[in-house]
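In: Sequence plus the predicted model coming up.
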Amino acid sequence: MVARRVLLTCVVLSCFSVFASAEKLRVAVAANFAKPVEKLLHEFAKTHPHSAQISQASTGVLYQQIRHGAPFDILLAADIRRPQLLEEQGLIYENYRKTYAIGQLALWSAISDDEISLQDLNDYTGRVALAGPHIAPYGLAAKQTLISLELWSKYDDNLIVGNNINQTYQQIVTGAVNYGFISYSQLLESKTGHGVLIDSDLHKPLEQQMVVLKHSENTELAIQFFEFLLTDKAQQLIVETGYQQAHKTLEKVAPAETPVAPKKQKAIQPEAKQVATAGLNSSTDYLADETKVTGSQIGKL
């Protein structure tokens, strides 16, 4: 009986030791990529057991937090500009600024029973939601799209502006506004209404870059995750969650034998489970397990 208790105590202490010794990776991520990064961290944990603290906000807000000393290890931004500024300011490690994904923009109505298109905005007289163009790259892309369509002056004073793309998503899904601009990845996750993928020629490319920060407390793990995101396995998962693959001219990104792309139906995006907005500074343990990461469920809107 005593031997059994001793054995049980050893097992408990062993399990505690595994969790206690797990390295922590502090990830600052642009709001549009909050859900995909959770899936990527789960996959990464199969070979690199760790705990993760995910902080999501607009790229502009995260940039300012980093400048003021926020304790992040790696930043996954939604643009090139802020990573470039951090590099110029000497806040990142040399050669650790790379593009990990190309974002895509979508127009969505959570309450529409019919398919929608950008042409609907010509006659629509209500309010339109988008993330703040000055802090959120997807909001800037939405503004550029409206300018390209010669509709910016029409909606300039009739916008509902969110702090980030996830806040914009909530404004649309709750019915506070009929139309809004979200990421294609969020559209894949939505299960109500109708949406349409926006031609990337209508806005500047949403090239999303990542950097390893010099004030990282776990630089080695941050670099390992950085390099993991450029692998074929990670790039395939990134594409499955609604992004285009990072440029193959980047180092460490080998051409995939079979490119994977999200299924489309006449450019109207498929239905899948609904997005849940992740909270700021949420902490999650990712220990190596048998969890399978799958892409979005494809269906008809």
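Out: Received, thanks.
In: Assumed residue 185 was part of a helix.
Out: Yes: when DSSP: H, G, I helix; E, B strand; the rest coil is applied, residue 185 is found to be in a helix.
In: so how far is residue 238 from it?
Out: Distance, residue 185 to residue 238, by Cβ to Cβ, to the nearest Å: 9 Å. For glycine as for every other residue, the C-beta is placed from the backbone atoms N, C-alpha and C.
In: Residue 146 now?
Out: Plainly put, residue 146 is 27 Å away from residue 238 if you go by Cβ to Cβ.
In: distance between stretch 60-74 and the chain's centre?
Out: Relative to its chain's centre, stretch 60-74 lies at 17 Å (Cα atoms, centre = their mean, to the nearest Å).
In: Just the buried residues of it, please?
Out: Residues 60-63, 65-66, 70, 72-74 are the ones in stretch 60-74 that count as buried (16 or more other Cβ atoms under 10 Å).
In: Could you do stretch 113-133 as well?
Out: Under the neighbour-count criterion of 16+ other Cβ under 10 Å, stretch 113-133 has 116, 118, 120-121, 124, 127-133 buried.
In: Which of those fall within strands?
Out: If you go by DSSP state E, the buried residues of stretch 113-133 have 128-131 in strands.
In: in this protein, which spans are helices?
Out: All helices of the chain, identified by DSSP state H, fall at 2-21, 34-45, 59-67, 81-88, 120-123, 137-148, 152-155, 165-173, 184-189, 219-228, 232-240.
In: Just want the angle from the fourth one to helix 59-67.
Out: So that's helix 81-88. Relative orientation of helix 81-88 and helix 59-67, computed by axes from the mean of the first three to the mean of the last three Cα atoms, to 10 degrees: 20 degrees.
In: cool, the second one as well?
Out: Helix 34-45 runs at 50 degrees relative to helix 59-67, counting by the same axes, to 10 degrees.
In: chain center to stretch 222-234, what's the gap?
Out: Taking the mean of its C-alpha atoms, stretch 222-234 sits 15 Å from the chain's own mean (Cα atoms, centre = their mean).
In: That concludes my questions; thank you for your assistance.
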